[in-house]
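Colleague: Sequence below, structure please.
(chains A and B)
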There are 2 protein chains.
Amino acid sequence: MNYEHWVHEELETLSKSLGFRYTPLDELENRLARLRKAMAKEGLEGLLVVQKMACYYLSGTAQDGLLFVPLEGKPLLMVRREVERARVESALTEVVATQSIRNLPSLIQTYYGRFPKTIGLELDVLPAKDYFRYQDLFPVVKFRDGSLVIRDTRKIKSPFEIDLMKVAGEIGKKVYQRGREILKEGMTEIQFGGLLEAAAKTYGHEGLLRVRSLNYEAYTWHVLSGPSGGIVSQSDSPMGGLGLSPAFPVGASRKVMRAHEPILVDFGTCYHGYQADQTRMFSIGGMGKKFTDAYNACRDIHDTVLEETRPGTNCEEIFQKTIDLAQKLGYQDNYLGPPGLQTRFIGHGIGLELNEFPFLAQGHSYPLEKGMTLAVEPKIVFPGEGSVGFENTVVVTEDGYEILTPLGQDIFQV
Amino acid sequence: MNYEHWVHEELETLSKSLGFRYTPLDELENRLARLRKAMAKEGLEGLLVVQKMACYYLSGTAQDGLLFVPLEGKPLLMVRREVERARVESALTEVVATQSIRNLPSLIQTYYGRFPKTIGLELDVLPAKDYFRYQDLFPVVKFRDGSLVIRDTRKIKSPFEIDLMKVAGEIGKKVYQRGREILKEGMTEIQFGGLLEAAAKTYGHEGLLRVRSLNYEAYTWHVLSGPSGGIVSQSDSPMGGLGLSPAFPVGASRKVMRAHEPILVDFGTCYHGYQADQTRMFSIGGMGKKFTDAYNACRDIHDTVLEETRPGTNCEEIFQKTIDLAQKLGYQDNYLGPPGLQTRFIGHGIGLELNEFPFLAQGHSYPLEKGMTLAVEPKIVFPGEGSVGFENTVVVTEDGYEILTPLGQDIFQV
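Modeller: Below is the predicted model of the structure:
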């Protein structure tokens, strides 16, 4: 059978029957319109989008390709590996095949009529070697950093995107409910984490959590029990856990979980690329007063953040308010990490990546806007003993917020 | 309790009791000696190692840090997030804390006595923006690409590394054996993949497979049944599968698996960062002659590669030999992909990353060397119908090879 023929005759039908939702053209056009406003402001005549999730955001496909977005006119998607599948997945009309990056200049010149004077590239993720290559290929073009233009556009989510995040949140709810059935004394952290992950995949979770970073890797099996919860590691989070080896020193370990230990489960879920992040505590037979008190403090801090969550509130001020509250509640030395290793954020933007704008953090003095999505995650760490945390993902609405992670708020006790 | 105190008193004991193996100093010194030979040849007076797996390889820790390797003298590990844990994990003696990248110049100047004239950076992965930052911080230093120096050093594995890969291979064996017990008609691909992954984690698998690329993501749930196996996608592999959504269009899908379909399972396992890669076919009630014949052809091609696997054989010639054999066996149109989308490699180096040197591929005309490790993976694709494949990971020995993935060679039929 001819492969191309099969793709066009059957792939779309098969994909849709298995739940694929394609990004509609008007959704892409709205995104492009906002992107172009930002491009104009930055003086960019074109944007060459190289990163997979940015290509997906602007074209609807994550096939291996590059997207050229001129300030005016249709974007051009240039696909390296599988152009027919990209044509099925993307609502864009200008989709061409290209075998080699060497063809880029002629493709763009032919399509656009000339070379743009300035082109933005995602310099915060594009490897330096690739950057030099683009400079060689386009000697007359001035390249500039276009990553903020893309990240700023993506920080405001559309109803289409919020819908996908709500599905991710529903998946998360099922995962935690299933967790209550799975958890048994004597299981290891990683065994529990692995079973949660397997359950999540049957509910529609996509497995990989994306994060915008060279070295930081996201993962779902962040199950930390007792002393594991008091361990700091490579990640910029209050506690990293022990992990599985010096090569993967974060998250669940082979430690056996015992009754009455605090068991922190920070499990992100992903649907059509869109993530929802949530943290709840589990316990076998209840955990001690020290930990339940701290858990309640986390909930208080979380609720205080949500009370301030509406368009116009300053992100850094929200962060500072939680510092003050943690101090008032007596947790100043344990809030967001052990003394000396405390992190400086209480929430992060979330969407296609785990570290999108905005950040409820020190040094982030800008207002919340309608359509921003946030994971709010107060955590309290007791070195040598354990940690507790509480986390929901919310969207900023016209006059407040809506929670996208609808799971129960209490400790999941078995 | 004081966190630092706890780390030094208890973390190492806890970690070792849970199976952590630290890289011994003599192992690090052997690696550094070989690295320095390559540095000298490239005219690099120093190397600033930025990527996590390269830091782990040369220091034994994957904590968030940067490693400065001068051509002579001890390397300096500068840790951003958790220096005490890095001190527990790394056998290096010069380990310091640094809060900010701004401190790098003074740290290096003080430690080394002056600035090196030339410093190598991993320009194939370091984002361009970070590169400009280093240029600003070190105006007197000439930066050059040091990635090949590191990748060339890593391509030859030590007995210590081979031991870890053997454990990864043993984990893989258990995963496939367990797969035979798990697989049932009516399960979806992703359900099967998720359960294999959960099982793998209980056997010691670390969950993430690393790959050296901006956009290519590795994952374990590459379970492709029937027509899914005939779908090409973003990855540079003979078939990518349908995947779960346009945002994750590779690997297992929600397609239900049926009796007599070919079910391809390409499941990489990882232990202490070191990967073993393996592919086997599963089937429910046996698959048709067309697929068993093609599976046997894959095994023939695999065996032919191994017959040539010894120090001195040219990698490109091995690849070409498999092309000739596939043609002789009648699979020229289906070998390594559907017509027009056939990939151009039959094997890849493997270790801390899935795409290490060497490549048994077109354009890779260099000899195999003792200590190289290879995943050999012939695959045959029938568009619209399915695909078959066979894969083992091997190490090149003094006069041949040793298989690191000891699982049974036959179809896993249930």
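Colleague: make it CA atoms for all contacts and neighbour counts henceforth
Modeller: Noted.
Colleague: list the contacts for residue A:324?
Modeller: Residues near residue A:324 by C-alpha atoms under 8 Å, 6 or more residues apart in numbering or on different chains: none.
Colleague: I meant residue A:76, not that one.
Modeller: Contacts of residue A:76 (C-alpha under 8 Å, 6+ apart): A:67-69, A:94-96, A:111.
Colleague: Give me the neighbour count for residue A:55.
Modeller: Residues within reach of residue A:55, counting by other C-alpha atoms under 10 Å in any protein chain shown, total 22.
Colleague: which stretch of helix or strand covers it?
Modeller: According to DSSP states H and E, residue A:55 maps onto helix A:52-59.
Colleague: anything in that helix near chain B?
Modeller: Yes - for helix A:52-59, a contact with chain B is found by C-alpha under 8 Å from any C-alpha of the partner chain, at A:52-53, A:56.
Colleague: after that helix, next one along is what?
Modeller: By DSSP H and E, the next helix or strand past helix A:52-59 is strand A:65-70.
Colleague: Show me what that next one is packed up against.
Modeller: strand A:46-49, helix A:52-59, strand A:76-79 (3 or more C-alpha pairs under 8 Å, 6 or more residues apart in numbering or on different chains; DSSP states H and E).
Colleague: One more pass at 6 Å, please.
Modeller: Contacts defined by 3 or more C-alpha pairs under 6 Å, 6 or more residues apart in numbering or on different chains; DSSP states H and E place strand A:65-70 against strand A:46-49, strand A:76-79.
Colleague: closest to residue A:228 out of those strands?
Modeller: strand A:46-49 (40.3 Å; C-alpha to C-alpha).
Colleague: strand partners of the closest one, parallel vs antiparallel please.
Modeller: strand A:65-70 (antiparallel), strand A:118-121 (parallel) (DSSP bridges).
Colleague: Give me the contacts around the helix holding residue A:55.
Modeller: A:28, A:62, A:90, B:215 (C-alpha atoms under 6 Å, 6 or more residues apart in numbering or on different chains).
Colleague: ok, the first one to residue A:57 distance?
Modeller: Separation of residue A:28 from residue A:57 (C-alpha to C-alpha, to the nearest Å) stands at 8 Å.
Colleague: ok, which residues in chain A are in contact with chain B?
Modeller: Chain A comes close to chain B at residues A:1, A:3, A:18, A:20, A:52, A:61-64, A:81-82, A:123-129, A:191, A:194-195, A:198, A:202, A:215, A:233-234, A:245-247, A:254, A:272-273, A:383, as judged by C-alpha under 6 Å from any C-alpha of the partner chain.
Colleague: Can I get the buried part of those residues as one PyMOL selection?
Modeller: Burial among these is assessed by 16 or more other C-alpha atoms under 10 Å in any protein chain shown; the matching PyMOL selection reads:
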select buried, chain A and resi 3+18+20+52+61+62+63+64+81+82+123+124+125+126+127+128+129+191+194+195+198+202+215+233+234+245+246+247+254+272+273+383
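Colleague: gap between the helix or strand hosting residue A:133 and the chain center?
Modeller: Under the criterion of DSSP H and E, residue A:133 resides in helix A:128-137. How far helix A:128-137 lies from its chain's middle: 28 Å, per C-alpha atoms, centre = their mean, to the nearest Å.
Colleague: Quick one: residues in contact with that helix.
Modeller: Counting by C-alpha under 6 Å, 6+ apart, B:123-124, B:126-128 sit against helix A:128-137.
Colleague: Need the contacts of residue A:76 in TSV (columns: pLDDT and neighbour count).
Modeller: Shown next, in TSV, are the contacts of residue A:76 (pLDDT from 0 to 100; neighbours: other C-alpha atoms under 10 Å in any protein chain shown):
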residue	pLDDT	neighbour count
A:67	98	22
A:68	98	23
A:69	98	23
A:94	98	13
A:95	98	20
A:96	97	16
A:111	97	15
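Colleague: of all these, which two lie farthest apart?
Modeller: A:69 and A:96 (14.0 Å).
Colleague: Strands along the stretch 201-350 of chain A, start to end?
Modeller: A:222-225, A:263-271, A:274-283, A:345-349 (DSSP state E, counting those that start in this stretch).
Colleague: Tabulate the ones you listed (JSON lines), appending mean neighbour count.
Modeller: Formatted as JSON lines, those follow (neighbours: other C-alpha atoms under 10 Å in any protein chain shown):
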{"stretch": "strand A:222-225", "mean neighbour count": "31"}
{"stretch": "strand A:263-271", "mean neighbour count": "27"}
{"stretch": "strand A:274-283", "mean neighbour count": "27"}
{"stretch": "strand A:345-349", "mean neighbour count": "25"}
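Colleague: Using a markdown table, please lay out these together with mean pLDDT.
Modeller: As requested, the strands of the stretch 201-350 of chain A are exported to a markdown table (pLDDT from 0 to 100):
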| stretch | mean pLDDT |
| --- | --- |
| strand A:222-225 | 98 |
| strand A:263-271 | 98 |
| strand A:274-283 | 98 |
| strand A:345-349 | 97 |
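Colleague: out of these, which comes closest to residue A:401?
Modeller: Short answer: strand A:345-349, nearest of those by C-alpha to C-alpha, at 13.7 Å.
Colleague: Of the contacts of helix A:52-59, which is the nearest to residue B:262?
Modeller: residue A:62 (26.5 Å).
Colleague: burial of the residue lying closest to that closest one once chain neighbours are set aside, as a residue count?
Modeller: Nearest residue to residue A:62 in three dimensions, chain neighbours excluded: residue A:56, at 4.8 Å (C-alpha to C-alpha, 6 or more residues apart in numbering or on different chains). Other residues within reach of residue A:56, judged by other C-alpha under 10 Å, total 24.
Colleague: From residue B:38, how far out is residue A:56?
Modeller: 40 Å.
Colleague: Ok, residue A:230 next?
Modeller: Distance from residue A:230 to residue B:38, by C-alpha to C-alpha: 41 Å.
Colleague: neighbour-wise, which of those two wins?
Modeller: residue A:230 (28 against 19).
Colleague: buried ones in the helix or strand encompassing residue A:106?
Modeller: Assigned by DSSP H and E, residue A:106 belongs to helix A:104-112. Using 16+ other C-alpha under 10 Å as the test for burial, helix A:104-112 gives A:104-105, A:107-108, A:112.
Colleague: Would you tell me which helix is longest in chain A?
Modeller: helix A:159-182 (DSSP state H).
Colleague: I would like the residues contacting that one, please.
Modeller: Residues contacting helix A:159-182 (C-alpha under 6 Å, 6+ apart): A:200, A:203, A:269-271, A:274-276, A:404-405, A:407.
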